[in-house]
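Chemist: need a structure here:
(2 chains)
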Amino acid sequence: MEYIVFVVTAIIAAVGAVAMVLSKNAVHSALFLLLNFGAISVLYLLLRAPFLFVVQLIVYAGAIIVLFLFVVMLLGAERVEDTPDSIAWQRPLAIGLGILLLLEALYVAFSRTVGAVTPVAQRNEDFASPERIGQALFSTYLLPFEITSVVLLAAIVGVVVLSKRSGRVEQAQRALEHDADGRSEQMEQVMERVG
Amino acid sequence: MVPTNYFVILSAILFTVGVIGVLTRRNALVVFMSVELMLNSANLALVAFAQARQSLTGQILVFFVITVAAAEVAVGLALLVAIFRSRRTLDVDEVSTLRG
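Modeler: Presented below is the predicted three-dimensional model:
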């Protein structure tokens, strides 16, 4: 039974990932990524990690995908790749290198982990229950947990600073654009005089 | 119980798809999504190994990775919005001002 669930979920995850890379529209990419995240969260459940299942759904499928969709729709940047590729020779090279990496990773996975990962003899079904993870987070891993809050605070401050429209930069940009316009007008006048 | 190896192989496949996405796509948003995919595949391998070793540490590491990824997405998307405001494009080939 678990094998069937694994195979179906793995196929969904792989198809979601490939479709995300292939789809032309960025909104479709984000939705395929959501499919992939959902499949991976089911795999976490299969690995007896209910806490990570919930965190994956809330943080990735909930927050991050919404953020992506919001930015894609805010900027209207669904299809920026309709223009022809300026460095087209890179695409086959990139795909070839990617396939090489896949072969390498599969080789390592087959040669190193098949016998090397000896499963622990005595298995505990709820070794990673949310209760135990909570206890570990607030005792052994208390300092990293607190540092995480600093990381999140830094991210919040950074986002606010980045997305604030600073008046001086805007003015400088406008002046630059104005300058460029003026120059092109001058150029046209010069061209007219010459022609 | 599904063998750990199967999860590691799936993780390798997803990671490679993410790498190809980063290398071939030109929309900065899709490149960013591919990076998220790579982070996720690494998380999957970590959880699989944690399950095989019956160790809680791997899962806690994944928890921290997810937290940092969330912060990274927020900052990265703010950067993309700032780039779009000044350059009017998200094509990574167009945004090459820092090239020497």
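Chemist: mind listing the strands for chain A?
Modeler: Counting by DSSP state E, no segments of chain A form strands.
Chemist: looking at chain A, which helix or strand is least sure?
Modeler: Here the helix or strand of chain A ranked lowest by mean pLDDT, DSSP states H and E is helix A:167-194, holding a mean of 63.
Chemist: Sketch out the low-pLDDT regions of chain A for me.
Modeler: Within chain A, the segments meeting pLDDT under 70 span A:81-82, A:113-123, A:166-195.
Chemist: What count of nearby residues applies to B:Tyr6?
Modeler: 16 (other C-beta atoms under 10 Å in any protein chain shown). Heads up, the C-betas are built off the backbone N, CA and C, glycines and all.
Chemist: Look up which helix or strand it falls in, please.
Modeler: helix B:4-24 (DSSP states H and E).
Chemist: Which secondary structure elements does that helix sit against?
Modeler: On a contact count with 3 or more C-beta pairs under 8 Å, 6 or more residues apart in numbering or on different chains; DSSP states H and E, helix B:4-24 meets helix A:2-22, helix A:26-46, helix A:90-116, helix B:28-53.
Chemist: could these go into a markdown table alongside mean neighbour count and distance to A:Ser163?
Modeler: Converted to a markdown table, these look like this (neighbours: other C-beta atoms under 10 Å in any protein chain shown; distance: least, C-beta to C-beta, whole Å):
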| stretch | mean neighbour count | distance to A:Ser163 |
| --- | --- | --- |
| helix A:2-22 | 18 | 26 |
| helix A:26-46 | 22 | 19 |
| helix A:90-116 | 14 | 32 |
| helix B:28-53 | 23 | 16 |
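Chemist: can you put the ones you listed in TSV and add distance to B:Ala12?
Modeler: Shown next, in TSV, are those (distance: least, C-beta to C-beta, whole Å):
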stretch	distance to B:Ala12
helix A:2-22	11
helix A:26-46	14
helix A:90-116	4
helix B:28-53	8
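Chemist: So the top helix by length along chain B, near chain A or not?
Modeler: Ordering each helix of chain B by length in residues (DSSP state H) puts helix B:56-87 first. Yes: using C-beta under 8 Å from any C-beta of the partner chain, helix B:56-87 reaches chain A at B:56, B:59-60, B:62-64, B:66-75, B:77-82, B:84-86.
Chemist: Any idea which of the helices and strands packed on helix B:4-24 gets closest to A:Arg165?
Modeler: Closest approach to A:Arg165 among the helices and strands packed on helix B:4-24 is made by helix B:28-53 (20.3 Å; C-beta to C-beta).
Chemist: one step back: give me the buried entries from the residues of helix B:56-87 next to chain A.
Modeler: Neighbour-count burial (16 or more other C-beta atoms under 10 Å in any protein chain shown) is assigned, among the residues of helix B:56-87 next to chain A, to B:56, B:59-60, B:62-64, B:66-67, B:69-75, B:77-82, B:84.
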